[in-house]
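**Student:** Would you be able to build a 3D model of this:
(one chain, ligands or ions: 1)
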Amino acid sequence: MEPIRPPKRLPDHSREALPDFVQRQFDAASPQNDHRQLYGILQRGIRSAVLAAGTQLPPSRVLAQVLQIARNTVVHVYEQLALEGYVQAGVGRGTFVAAVGPRLADRSTAPRPALPPDRSALLSRRGSQLVREAGAAPLQWGAFTPGVPEVRMFPTAIWSRLQARAARRQTPAQLTYATGPGDAGLRQAVSDYLQGTRGVVCSPEQVVITSGTQQSLHLVAQLLTDPGDKVWLEDPGYWGARSVFRAHGLQLEPVALDDEGMAPSPAQLRQPPRVMFLSPSHQYPLGAVMGHGRRQQLLDYAAVHGVWVVEDDYDSEFRYGTRPLPALQGLDTQGRVVYLGTFSKTLYPALRIAYLVLPPDLVNGFAQALNELFREGQTVQQAVLAQFLSEGHYATHIRRMRAVYSARHDALIHAIGQEFGSQLPILGGDAGLHLVLGLPPQVDDAAVAQAALRAGISTRPLSLYHLRQPAATKGLMLGYGAVPEGEIGPSFARLAQVVRGFL
Ligand SMILES: Cc1ncc(COP(=O)(O)O)c(C=O)c1O
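**Tutor:** Reported below is the predicted structural model:
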């Protein structure tokens, strides 16, 4: 900043009437407090050069009198302007407008280069593709938003009690930057839980805590692939994985499904990918369950060709009737499987806690990258969750929610039957938090979803989950997890009315 020398001649408007200039704009009845108002008037005046460099501000006493406000307010405004470089003050010398230079000057009136008409042109190629083909729903609540659990039944009282206890016990290490793979107690509890319920073969040391499957996928992409590597994705499949892999410049190869999920063609098998991403226990979104034989084939293939198998086990807790097959990870003897789990469905999505179970020799690299790239935190929250699991509240909550979701699942099947009989197929199996209502191939499912949204019902078109658009099967994803049983019938009736308009 240049030093200020009082100018020989002040601009006329400022010499004669700076207090008037302020007074004209000052509104005693404004809802803004005096400080903010006065600061705004002076700052705008300086930035737009209406108050030229070198202009002397009136003494605080004078301005306070003119505006009928506290003198301290004026003093504080001058101090703030001085701190930010808009004015310079010398003891006994007065306060003068500084030469603010281009950083602080108001450039709103300067001619600007014409912006390209399409703002998305500002993004990189992969950035614009990511935005163009984004899959996340604009609404994350209400009938029938997919993927959302019944967060209103979360046992808040128990959680608050554990939280208060954790807060009393918290250590400095929990409040500074995290340095490892996550809270030790939570890694232990997750490992116990997965071994007991999912047949995952692991030690607590293989568990790395992340802030969501999305983050787990970022780590997978960053640590196990290079730009241009090929990744096999189920088609249709999870848009979240597609977006992360695309954002890392990977070559996405859709793999068609059969009634056991991912079914690579002979031609695809001849060109191994770097990573295969799959949801073998409850294929997302169509619900196929991969049998033991296919699992073993894919694992053998991965071992021979050095492929990483990324298993997304996002909702296995919720099966209604049949027991879930154990995780694919439990069959892996070659250290090729990266297992992904999350608390988003069993507890609530905004908790943002999930985990990876890694082959032992990957753990250090992942933990280091986690700290290096994301500076993980939420350590106290992780400790609370560890207690929640180890004291049995997690298992109780899952049991309770399984019964709730099972009733909602049945209510939705019943409602579909009432409206359409067997005219439209229902896909998705007897598990999870959503079903798919199949639509005839000529129906534009995106248009149906849009029309449904206008009628107050949120669904997602099945075609959105496809990489190969021409081959897309048509349908609507219907999440029932967050819809009370009594609302399912009336909400579906409203949706059915919209759907009939397209059949
Ligand atoms: C297939 C699938 N996997 C994983 C997740 C969980 O993601 P996160 O842990 O980032 O909430 C979701 C959530 O919608 C999902 O649909």
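**Student:** Which positions within stretch 459-479 qualify as buried?
**Tutor:** 459-467, 472-479 (16 or more other Cβ atoms under 10 Å). (C-beta placed from N, C-alpha, C; glycine too.)
**Student:** how's the chain carved up into domains?
**Tutor:** 12-104, 180-392, 396-500 (automatic domain parsing).
**Student:** Which of those has the lowest mean pLDDT?
**Tutor:** With a mean of 85, domain 12-104 has the lowest mean pLDDT of the domains of the chain.
**Student:** What strand or helix carries L252?
**Tutor:** strand 251-258 (DSSP states H and E).
**Student:** just the helices in the stretch 251-400 of the chain please.
**Tutor:** For the stretch 251-400 of the chain, the helices defined by DSSP state H, counting those that start in this stretch occupy 266-269, 292-305, 363-369, 379-390, 393-420.
**Student:** Any chance of CSV for these, columns mean neighbour count and distance to the ligand?
**Tutor:** Formatted as CSV, the helices of the stretch 251-400 of the chain follow (neighbours: other Cβ atoms under 10 Å; distance: least, Cβ to the nearest ligand atom, whole Å):
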stretch, mean neighbour count, distance to the ligand
helix 266-269, 10, 22
helix 292-305, 16, 18
helix 363-369, 17, 16
helix 379-390, 21, 14
helix 393-420, 17, 15
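**Student:** These: which one's closest to D183?
**Tutor:** With Cβ to Cβ as the measure, helix 379-390 is the member of the helices of the stretch 251-400 of the chain nearest D183 (3.6 Å).
**Student:** from the middle of its chain, how far away would that closest one be?
**Tutor:** Mean-position distance between helix 379-390 and its chain equals 21 Å (Cα atoms, centre = their mean, to the nearest Å).
**Student:** Quick one: list the elements packing against that helix.
**Tutor:** helix 156-169, helix 172-175, helix 184-197 (3 or more Cβ pairs under 8 Å, 6 or more residues apart in numbering; DSSP states H and E).
**Student:** which other residues reach that helix?
**Tutor:** Here helix 379-390 makes contact (Cβ atoms under 8 Å, 6 or more residues apart in numbering) with 158-159, 162-163, 165-167, 170, 173-175, 178, 182-183, 185-186, 188-190, 192-193, 209, 343, 347, 351, 353, 394.
**Student:** Any of those residues buried? List them.
**Tutor:** Buried members of these, counted by 16+ other Cβ under 10 Å: 159, 162-163, 166, 174, 178, 182-183, 185-186, 188-190, 193, 209, 343, 347, 351, 353, 394.
**Student:** Verify the contact between A288 and G261 for me.
**Tutor:** Yes: between A288 and G261 there is a contact at 4.3 Å, judged by Cβ atoms under 8 Å.
**Student:** The residue most central in space within the chain sits in which helix or strand?
**Tutor:** By Cα atoms, centre = their mean, the chain has its centre lying nearest to Q214, at 7.5 Å. In the assignment (DSSP H and E), Q214 maps to helix 213-224.
**Student:** wait, which of the helices and strands packed on helix 379-390 is closest to the ligand?
**Tutor:** helix 184-197 (13.4 Å; Cβ to the nearest ligand atom).
**Student:** touching the ligand at all, that closest one?
**Tutor:** No: legend: contact between helix 184-197 and the ligand by Cβ under 6 Å from any ligand atom is lacking; minimum distance shown is 13.4 Å.
**Student:** Note down every partner strand of the next helix or strand after that helix and its orientation.
**Tutor:** Counting by DSSP H and E, the next helix or strand C-terminal to helix 184-197 is strand 207-210. Next to strand 207-210 in the sheet, as set by DSSP bridges, lie strand 354-357 (antiparallel).
**Student:** What residues of the strand it pairs with count as buried?
**Tutor:** 354-357.
**Student:** ditto for stretch 57-67
**Tutor:** Quick answer for stretch 57-67 (16+ other Cβ under 10 Å): 57-58, 60, 63-64, 66-67.
**Student:** for the helix or strand L233 falls within, the distance to its chain's centre please.
**Tutor:** According to DSSP H and E, L233 maps onto strand 230-235. Distance of strand 230-235 from the chain centroid (Cα atoms, centre = their mean) equals 22 Å.
**Student:** likewise stretch 209-224?
**Tutor:** 13 Å.
**Student:** swap in stretch 346-362?
**Tutor:** Worked out by Cα atoms, centre = their mean, stretch 346-362 lies 15 Å from the chain centre.
**Student:** Would you mind writing the CA trace of it as PDB?
**Tutor:** Output of stretch 346-362 as PDB, limited to C-alpha atoms (Å, rounded to 0.1, in the frame of the first residue of the first chain):
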ATOM      1  CA  THR A 346     -28.200 -48.500   9.000                       C
ATOM      2  CA  LEU A 347     -28.000 -45.200  11.000                       C
ATOM      3  CA  TYR A 348     -28.300 -42.000   9.000                       C
ATOM      4  CA  PRO A 349     -26.500 -40.600   5.900                       C
ATOM      5  CA  ALA A 350     -25.500 -37.300   7.400                       C
ATOM      6  CA  LEU A 351     -23.400 -39.200  10.000                       C
ATOM      7  CA  ARG A 352     -20.800 -39.600   7.200                       C
ATOM      8  CA  ILE A 353     -19.000 -42.600   8.700                       C
ATOM      9  CA  ALA A 354     -18.100 -45.600   6.600                       C
ATOM     10  CA  TYR A 355     -15.200 -48.000   6.300                       C
ATOM     11  CA  LEU A 356     -13.000 -50.000   4.100                       C
ATOM     12  CA  VAL A 357     -11.700 -53.500   4.900                       C
ATOM     13  CA  LEU A 358      -8.400 -53.800   3.100                       C
ATOM     14  CA  PRO A 359      -5.900 -56.600   2.400                       C
ATOM     15  CA  PRO A 360      -3.200 -56.000   5.100                       C
ATOM     16  CA  ASP A 361      -0.500 -54.700   2.800                       C
ATOM     17  CA  LEU A 362      -2.700 -51.800   1.600                       C
END
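**Student:** What helix or strand is the residue lying closest to L51 once chain neighbours are set aside located in?
**Tutor:** Closest residue to L51 apart from its sequence neighbours, by Cβ to Cβ, 6 or more residues apart in numbering: G45 at 4.0 Å. Take DSSP H and E as the rule and G45 turns out to sit in helix 34-47.
**Student:** how distant is that helix from the center of its chain?
**Tutor:** 38 Å.
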